[in-house]
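> Next input, structure requested:
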Amino acid sequence: MKIVHFSITPLAGAPLRLVNATNASGRHEARLIDLRHYGAEDFGHDVVFSREGDPAIELANQADIIHLHNYLHYDSEQFSPIDFRALKQKGKLFIRQFHSDPDLVARIMGVTSIELLAQKIPGLVVAQFQERKYPDAMVVPNLIPENDPVYMPMKGKTAFDIFFSPTVTTGAWDSRWNTKGMPETEKIIADACAKHRARYKLVHKTPLEKALGIKRSSRIVVDEMITGSYHLTGLEGLSQGKPVLSYIDDRARWVMSHFSGTGVCPFINVRLEDAFAVLDYLLSHPDDAHDIGMEARSFVEERWRSEEHTSELQSH
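Numbers count the residues shown, from 1 in each chain. Down below sits the predicted model:
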């Protein structure tokens with residue numbers, strides 16, 4: 001089957017990863033049409049609508065399934081003259097995948113969250129905190145291409161001790177869900193590094209390939225310790241064999257165990273207020289930090305394989 005994805009934002013590269021994993025499986029043919037080139041937030045592209053409009057229109061007409069991401073629906077006009085509703089009436093199958101909190105999605109779409117959730121489009125939602133906000137959507141795991149060299153552990157000396165990549169700069173108490181507690185988390189990281197004369201790198205609005213390279217060359221990864229959920233950056237850190245700090249609440253941990261088949265949590269599960277002590281220990285005990293990272297890599301290899309998750313998705 002031919003599957004064509006549409007997205008108007010990079011979404012941390014998740015749509016492209018899904019397309020690549022689908023194509024690698026050999027069972028279906030997938031393409032991604034991005035609205036535009038995303039500049040500093042570039043996560044890679046397939047087809048860019050703003051400069052490849054005619055090929056995009058042809059792909060949409062040939063598609064068996066159209067996979068919309070986050071903000072798009074049947075009446076979206078960003079990809080005009082592509083008419084999603086007309087394509088639906090011609091028999092194309094549609095699905096929409098959510099990667100963000102519904103309040104954020106609704107705000108960008110210019111509707112209320114109630115109106116958003118009432119839209120009758122078959123839905124998927126990533127298996128992070130977002131899943132609890134979309135009661136009618138099927139929960140699916142985010143994919144990491146764990147055998148791609150940039151997602152594998154690095155041999156040799158690292159350049160940084162701690163890596164942190166907040167998507168947004170909001171504080172811990174400025175938003176319930178759309179935050180990684182950037183200012184509070186950075187202060188804790190800076191204090192720990194000052195004590196140990198260590199180096200940290202904060203990455204924001206950086207192309208994925210560059211961010212992955214910096215992360216791979218770091219000893220410790222900090223994901224997010226506010227909302228109770230992990231993110232793609234944390235999964236990337238696990239795959240690269242890093243000890244990853246994140247606060248995982250009971251529900252997020254249960255969802256992860258459902259897809260991994262084990263109750264083992266691969267993250268260092270820690271709240272923001274306890275993070276300094278954990279970083280202090282990891283910086284003081286590099287051998288333990290390395291061993292924790294290798295256990296994280298083993299979890300990805302054994303329990304979070306992209307090939308297995310892709311097969312599960314395609315079976316549905």
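> contacting residues for His204?
Shown in contact with His204 (Cβ atoms under 8 Å, 6 or more residues apart in numbering): 165-167, 169. Placement of C-beta: from N, CA and C, glycine included.
> no, scratch that, I was asking about Thr233
Thr233 is in contact with 12, 165, 215, 221, 223, counting by Cβ under 8 Å, 6+ apart.
> Which PyMOL command selects the buried ones in the contacts of His204?
The buried subset of the contacts of His204, as determined by 16 or more other Cβ atoms under 10 Å, is captured in PyMOL by this line:
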select buried, resi 165+166+167
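> Ala127 is in contact with Met138, correct?
No - with contacts defined as Cβ atoms under 8 Å, Met138 does not count as touching Ala127, sitting 10.1 Å away.
> Give me the contact list for stretch 31-40.
For stretch 31-40, the external contacting residues (Cβ under 8 Å, 6+ apart) are 2-10, 15-16, 19, 45-51, 56, 59-60, 78-79, 205-207.
> Ok, stretch 104-115 next?
Applying Cβ under 8 Å, 6+ apart, the external contacts of stretch 104-115 come out as 70-71, 73, 98, 102-103, 116, 177-178.
> please redo it, this time with the cut-off set to 6 Å
For stretch 104-115, the external contacting residues (Cβ atoms under 6 Å, 6 or more residues apart in numbering) are 70-71, 102-103, 116, 178.
> Convert it to CSV, retaining C-alpha atoms only.
This file holds the C-alpha atoms of stretch 104-115, laid out as CSV (Å, rounded to 0.1, in the frame of the first residue of the first chain):
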residue,chain,number,x,y,z
LEU,A,104,-1.6,23.2,22.2
VAL,A,105,-2.9,21.5,19.0
ALA,A,106,-6.3,23.2,19.3
ARG,A,107,-4.7,26.6,19.9
ILE,A,108,-2.6,26.4,16.8
MET,A,109,-5.6,25.1,14.8
GLY,A,110,-7.8,28.0,16.1
VAL,A,111,-10.4,25.7,17.7
THR,A,112,-11.2,24.6,21.2
SER,A,113,-9.9,21.3,22.6
ILE,A,114,-13.5,20.1,22.7
GLU,A,115,-13.9,20.8,19.0
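> quick revisit: more crowded one of Met138 and Ala127?
Neighbour count, other Cβ atoms under 10 Å: between Met138 and Ala127, Ala127 has more, with 20 against 14.
> Could I get the pLDDT score of the more buried one?
Looking at Ala127, its pLDDT reads 95.
> how close does it sit to Lys157?
35 Å (Cβ to Cβ, to the nearest Å).
> now swap in Ala289 and tell me
For Ala289, the distance to Lys157 - Cβ to Cβ - is 14 Å.
> Among those two, which residue is more densely surrounded?
Ala289 (20 against 6).
> Okay, and that one sits in which element?
Ala289 is part of helix 286-303 when elements are defined by DSSP states H and E.
> Against Met154, how distant is the residue lying closest to Val140 once chain neighbours are set aside?
Using Cβ to Cβ, 6 or more residues apart in numbering and skipping the chain neighbours, the partner closest in space to Val140 is Leu124 (5.0 Å). Leu124 sits 33 Å away from Met154, taking Cβ to Cβ as the criterion.
> Same drill for those two, tell me which one is more crowded.
Leu124 (21 against 17).
> Compute the distance between that one and His231, please.
Leu124 is 17 Å from His231, where distance means Cβ to Cβ.
> cool, and Leu208?
Here the criterion is Cβ to Cβ. By it, Leu208 lies 14 Å from His231.
> so what's the most centrally placed residue in the chain scoring on pLDDT?
Geometric centre of the chain, nearest residue: Leu232, 3.3 Å, by Cα atoms, centre = their mean. Listed pLDDT for Leu232 reads 94.
> and Gly237, how many neighbours?
If you count neighbours by other Cβ under 10 Å, Gly237 ends up with 34.
> Helices of the stretch 51-200 of the chain, residue ranges please.
Remark: helices assigned in the stretch 51-200 of the chain by DSSP state H, counting those that start in this stretch are 53-62, 84-89, 102-109, 113-118, 182-196.
> Do a quick rundown of the strands in the stretch 51-200 of the chain.
Secondary structure of the stretch 51-200 of the chain (DSSP state E, counting those that start in this stretch): strands at 65-69, 93-98, 123-126, 138-140, 160-164, 200-202.
> This completes my enquiry, with thanks.
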